[in-house]
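In: requesting a structural model of the entry that follows:
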Amino acid sequence: MHNVNVEMLEQTAADGAREPGRLRLPIELTGAWQVAGGPQFRGTIPFPGGEVELSADFPPPLGGSGSAPNPLAYCFWGGLACYAMTFAVEAARAGVELKALRGTVRTEVDQSRALGLSDRPPVERLVWELEAESDAPAEEIAHLKDLADARCPGVYCLRNPIALETTVRS
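Out: Coordinates of the predicted model:
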């Protein structure tokens, strides 16, 4: 339904209910700083259908060339994609057909912390807005929003502290 394999999704849920460990997916992504110019950081991201190379570059005011999206753009877009995809999955699971689904993320980034000029948070607020085209009643769309808010991994990551460990080896 609307580009969601509901049968596979429900099978995964049933398998996970029997064996919760099957739902834990290890992820390890790598990238490398580009010392010779061009976008500053590159990495290949594998996925079940292949792999894609991503590049990131700071904008010129932060010392980059602006030749690729900045790292936060990937974070912001990834979060929005996660939320929209969770909404679409929950709609499919509920049998609610979506004719279209569009998403927008809005924020403002304060670069003063990155430049060592303040302790202000770089981002104080994110706004994720979805526009869903469906024949479903407004109450059903609101219920799907509640499910997406409760189940989206991106929402969880932003609303709950996650342990972060950093290491630099030389």
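
In: switch to C-alpha atoms for all contacts and neighbour counts from now on
Out: Fine.

In: and the longest helix for the protein?
Out: Using DSSP state H to define each element, the chain has its longest helix at helix 71-93.

In: that one - what's its average pLDDT?
Out: Across helix 71-93, the average pLDDT comes to 97.

In: and the strands in the chain?
Out: 32-33, 41-47, 50-56, 100-106, 127-133 (DSSP state E).

In: can you list the strands that the shortest one pairs with?
Out: Each strand paired with strand 32-33, and its direction, by DSSP bridges: strand 41-47 (antiparallel).

In: what of the third one?
Out: Strand 50-56 has the following sheet partners, assigned by DSSP bridges: strand 41-47 (antiparallel).

In: buried ones in the partner strand?
Out: 41-42 (16 or more other C-alpha atoms under 10 Å).

In: alpha carbons of that strand, in PDB - could you do that?
Out: Extracted as PDB, the C-alpha positions of strand 41-47 are listed here (Å, rounded to 0.1, in the frame of the first residue of the first chain):
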ATOM      1  CA  PHE A  41      34.100  14.500   4.500                       C
ATOM      2  CA  ARG A  42      33.100  11.500   2.500                       C
ATOM      3  CA  GLY A  43      31.700   8.100   3.300                       C
ATOM      4  CA  THR A  44      29.900   5.200   1.600                       C
ATOM      5  CA  ILE A  45      26.700   4.200   3.300                       C
ATOM      6  CA  PRO A  46      25.600   0.600   2.600                       C
ATOM      7  CA  PHE A  47      21.900  -0.400   2.400                       C
END
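
In: rewinding a little: quick one: buried residues of the longest helix of the chain?
Out: Neighbour-count burial for helix 71-93 [16+ other C-alpha under 10 Å]: 76-77, 79-93.

In: do stretch 132-148 as well
Out: By 16+ other C-alpha under 10 Å, the buried positions in stretch 132-148 come out as 132, 141, 144-145, 148.

In: what sits up against the longest helix of the chain?
Out: 1-2, 4, 6, 56-58, 97-98, 101-105, 128, 130, 144-145, 147-149, 151-155 (C-alpha atoms under 8 Å, 6 or more residues apart in numbering).

In: mind putting the strands of the chain into JSON lines with distance to Asp119?
Out: Converted to JSON lines, those look like this (distance: least, C-alpha to C-alpha, whole Å):
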{"stretch": "strand 32-33", "distance to Asp119": "26"}
{"stretch": "strand 41-47", "distance to Asp119": "25"}
{"stretch": "strand 50-56", "distance to Asp119": "24"}
{"stretch": "strand 100-106", "distance to Asp119": "22"}
{"stretch": "strand 127-133", "distance to Asp119": "22"}
